[in-house]
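Participant: When you get a sec, could you give me coordinates for this:
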Amino acid sequence: MNRQTQLINERYEALMFAKSSEAARRAARELIRIVLGEDAAGRPLEQALRDCCRQLRPSQDPKEQARFEAEFIELAIWPNTNVQRAAAA
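Facilitator: Reported below is the predicted structural model:
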């Protein structure tokens, strides 16, 4: 396994198992930087995560790709998801 693949796997695991919203966003930003490069650091988190997901988990099926991206974004902003759902109810 090359170094970049190892870094991607480590950041992805940190994102999946984050214990706080800050840790999740930090892991997401680091993953974005590794996958998309330093230039992506200034982009909005949600769009950068979508682009990152397209690189890491591409799909030919647009519906499946949208689901992958939504799940990926939810990992990084999961605490806000519940707040947004409660506010919408």
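Participant: mind listing the helices for this protein?
Facilitator: Ranges of helices within the chain are 3-16, 21-36, 45-56, 62-88, based on DSSP state H.
Participant: Is it possible to get TSV of these that adds mean neighbour count and mean pLDDT?
Facilitator: No exception for glycine: its C-beta is placed from N, CA and C like everyone else's. Putting those into TSV (neighbours: other C-beta atoms under 10 Å; pLDDT from 0 to 100) gives the following:
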stretch	mean neighbour count	mean pLDDT
helix 3-16	14	93
helix 21-36	19	93
helix 45-56	18	94
helix 62-88	13	74
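Participant: Just give me the neighbour total for the residue nearest to N9 when sequence neighbours are not counted.
Facilitator: Nearest non-adjacent residue to N9, counting by C-beta to C-beta, 6 or more residues apart in numbering: M1, 7.8 Å away. For M1, the neighbour count with other C-beta atoms under 10 Å is 7.
Participant: wait, what's in contact with I77?
Facilitator: S21, A24, R25, L45, E46 (C-beta atoms under 8 Å, 6 or more residues apart in numbering).
Participant: Any chance of a markdown table for those residues, columns distance to S59?
Facilitator: Converted to a markdown table, the contacts of I77 look like this (distance: C-beta to C-beta, whole Å):
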| residue | distance to S59 |
| --- | --- |
| S21 | 27 |
| A24 | 23 |
| R25 | 25 |
| L45 | 21 |
| E46 | 18 |
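Participant: Please report how far the residue nearest to F68 when sequence neighbours are not counted lies from E69.
Facilitator: Distance criterion C-beta to C-beta, 6+ apart; nearest residue to F68, sequence neighbours excluded, is R57 at 5.0 Å. Distance, R57 to E69, using C-beta to C-beta, to the nearest Å: 9 Å.
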